[in-house]
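Visitor: sharing a model that was predicted from the sequence below.
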Amino acid sequence: MDVTHLAAVDSTRAARVLSQVRSARLAGKPAPVAPRPVIERSWERMMRSGVDPDHDVLADPLPREEVQRRRETSVLRHVLPVLREGLLAAADVAHHIMVVADEDGRVLWREGSPPVLRKADGLGFELGADWREDVVGTNGLGTPAVVRRPVQVFASEHFVRSQAGWTCAGAPLTDPRDGRLLGVVDVSGPLETMHPATLSWVGSVAKLAEARLREMHTESLERLRAVAAPVLARLGGRALVVDPDGWTAAVSGMPYARRVALPKSLSAGPRWLPALGLCSVEPLAGGWLLRVADDEPDRRGPARIVLDLRQARRWSVEVLGGAGSWARELSPRHAELLYLLAVHRSGRSASGLAGDLFGDPARTVTVRAEMSRVRRYLGAFLEHRPYRFADAAEIEVLLPDDPRDLLPHSMAPAVSMRRRSPAAP
């Protein structure tokens with residue numbers, strides 16, 4: 001059923017049909033029509049996690065002081081003007097509200113139509129509230145955070161009955177530097193305010209916000225480059241200046257690398273860094289000066305690599321070895337790639353990975369570009385032709401308790417097969 005089209009023509013009939021679909025699925029009976037795949041998978045997650053479809057279970061909202069603290073430390077504060085300009089004027093006219101939640105699903109900003117804001121209070125859709133999917137069910141804030149793409153949730157597509165009088169469209173906001181989830185922006189309103197263009201509208205504004213973050217990052221690197229130039233001019237040997245996230249502003253005496261993998265907590269002094277070896281680390285205004293020890297032998301040795309895929313929102317890779325230990329949060333695509341390489345220890349060709357990810361072995365250009373990015377931080381432990389983990393590396397994969405919760409954002413055929421059958425090849 002094309003919910004968007006039906007709701008645009010007859011929202012009352014669409015809501016009635018969706019209510020029948022929801023009731024049938026919860027009762028384990030055949031539904032009159034199939035729910036949309038993104039909604040059906042979300043409902044399955046809710047039933048496995050024990051969310052009560054008939055009763056709200058709302059956590060206490062954060063205190064006002066904690067909401068303010070999170071606002072002041074969230075990167076999202078920098079893109080609020082973009083979100084407001086793109087969404088608020090039309091949302092107010094259409095009797096919607098704009099809601100912005102952080103990566104933990106906590107509502108940090110909520111603006112728009114005053115009558116709708118008052119109605120939202122009755123649902124617990126308030127500042128500081130926790131709207132993660134596994135807390136309050138399928139919704140326009142929590143579900144996009146899990147699947148990492150824009151999602152519209154209409155009427156009884158909401159898993160919890162009390163939310164069935166609403167329509168919501170949300171889009172994830174990700175850090176353009178590393179793909180890390182920053183939060184979700186959502187436009188919500190009463191059922192009758194549903195419009196078929198809302199989802200694409202919200203998704204487009206989210207992309208504008210991410211473009212603003214990308215622009216800000218470029219500006220910060222330019223400022224750091226100005227600081228780095230006179231410092232590097234006085235030095236001999238190999239050195240580079242990077243920002244706190246490892247993005248390179250300037251290099252001297254060595255090939256340019258776009259980004260360097262840094263430990264989560266970096267401090268001044270001698271440090272072993274992936275792909276560089278032993279370095280002298282010195283703080284600079286807005287970043288770090290890394291001076292590579294040219295006479296230091298390669299001390300990498302065997303390594304233990306832990307790929308943690310247990311959480312629906314955050315995936316990470318941790319390297320443990322005698323030469324040093326470090327961890328890195330993974331983007332959705334890199335989580336997929338490293339999982340597939342962990343499954344196929346003998347290796348996968350570019351065309352093999354393209355088939356695994358997209359069902360299309362011809363999409364090798366995309367795979368090679370992503371693997372090039374992965375090798376910037378894991379290059380010491382990856383081989384190519386075919387792509388694979390180094391034989392000396394010990395790989396440990398931490399998976400969700402239920403295989404069906406593996407990488408829920410992923411549409412990759414190979415990952416979908418693993419969800420259905422963990423023992424699948």
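Guide: Right, received. Where do you want to start?

Visitor: what sits up against stretch 313-322?
Guide: Defining contact as CB atoms under 8 Å, 6 or more residues apart in numbering, one finds that stretch 313-322 is touched by 103, 145-146, 181, 274, 299-309, 325-330, 332, 335, 338, 378, 381, 407. Using the backbone N, CA and C atoms, a C-beta is placed for each residue, glycine as well.

Visitor: so what's the gap between it and the chain middle?
Guide: Its chain's average C-alpha position is 16 Å from that of stretch 313-322, according to CA atoms, centre = their mean, to the nearest Å.

Visitor: and stretch 26-44, by the same measure?
Guide: Counting by CA atoms, centre = their mean, stretch 26-44 is centred 25 Å from the centre of its parent chain.

Visitor: and for stretch 58-76?
Guide: Distance, centroid of stretch 58-76 to centroid of chain: 20 Å (CA atoms, centre = their mean).

Visitor: show me the contacts of stretch 313-322 that map onto helices.
Guide: The members of the contacts of stretch 313-322 that map onto helices under DSSP state H are 145, 146, 332, 335, 338, 378.

Visitor: can you pull out the strands in the stretch 101-250 of the chain?
Guide: Along the stretch 101-250 of the chain, counting by DSSP state E, counting those that start in this stretch, strands occupy 107-112, 151-154, 166-174, 181-190, 239-242, 248-252.

Visitor: switch those strands over to TSV; also include mean pLDDT and mean neighbour count.
Guide: Output for the strands of the stretch 101-250 of the chain, formatted as TSV (pLDDT from 0 to 100; neighbours: other CB atoms under 10 Å):
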stretch	mean pLDDT	mean neighbour count
strand 107-112	95	21
strand 151-154	94	29
strand 166-174	94	27
strand 181-190	94	26
strand 239-242	95	24
strand 248-252	94	20
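
Visitor: show me the contacts for the closest residue to residue 200 other than its chain neighbours.
Guide: Excluding its sequence neighbours, the residue lying closest to residue 200 (CB to CB, 6 or more residues apart in numbering) is residue 150, at 7.9 Å. Residue 150 makes contacts with 144, 169, 170, 171, 172, 199, 200, 202, 203, 206, as judged by CB under 8 Å, 6+ apart.

Visitor: contacting residues for the fifth one?
Guide: Spelled out, it's residue 172. Going by CB under 8 Å, 6+ apart, the list of residues near residue 172 reads 144, 145, 148, 149, 150, 181, 183, 184, 206.

Visitor: before we move on, what about the last one?
Guide: If you count contacts by CB under 8 Å, 6+ apart, residue 206 has them with 150, 171, 172, 173, 185.

Visitor: tell me which two of these sit farthest apart.
Guide: The most widely separated members of the contacts of residue 206, counting by CB to CB, are 150 and 173 (10.8 Å).

Visitor: turn the strands of the stretch 101-250 of the chain into JSON lines, including distance to residue 343.
Guide: Below are the strands of the stretch 101-250 of the chain laid out as JSON lines (distance: least, CB to CB, whole Å):
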{"stretch": "strand 107-112", "distance to residue 343": "38"}
{"stretch": "strand 151-154", "distance to residue 343": "28"}
{"stretch": "strand 166-174", "distance to residue 343": "25"}
{"stretch": "strand 181-190", "distance to residue 343": "24"}
{"stretch": "strand 239-242", "distance to residue 343": "33"}
{"stretch": "strand 248-252", "distance to residue 343": "32"}
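
Visitor: in stretch 72-84, which residues are buried?
Guide: Residues of stretch 72-84 classed as buried: 74, 76, 79, 80, 82, 83, 84 (neighbour count, 16 or more other CB atoms under 10 Å).

Visitor: roughly how far does residue 208 sit from residue 87?
Guide: 10 Å (CB to CB, to the nearest Å).

Visitor: between those two, which one's more packed in?
Guide: Legend: neighbour count by other CB atoms under 10 Å for residue 208 and residue 87, higher for residue 87 (24 against 13).

Visitor: does that one touch residue 204 like I think?
Guide: No: the criterion here is CB atoms under 8 Å, and residue 87 misses it with residue 204 at 10.0 Å.

Visitor: quick one: the helices in the chain, in order.
Guide: Using DSSP H, helices in the chain cover 3-9, 11-26, 37-49, 64-73, 80-83, 89-93, 114-122, 133-136, 142-147, 198-233, 332-343, 350-358, 364-378, 413-420.

Visitor: residue 99 - nearest residue in space that isn't next to it in sequence?
Guide: residue 186 (4.6 Å).

Visitor: got the contact list for stretch 39-49?
Guide: Stretch 39-49 is contacted by residues 22, 25-26, 34-35, 53, 133-134, 137-138, 143, 146-147, 153, 157, 159, 402, 404-405, 408 when judged by CB under 8 Å, 6+ apart.
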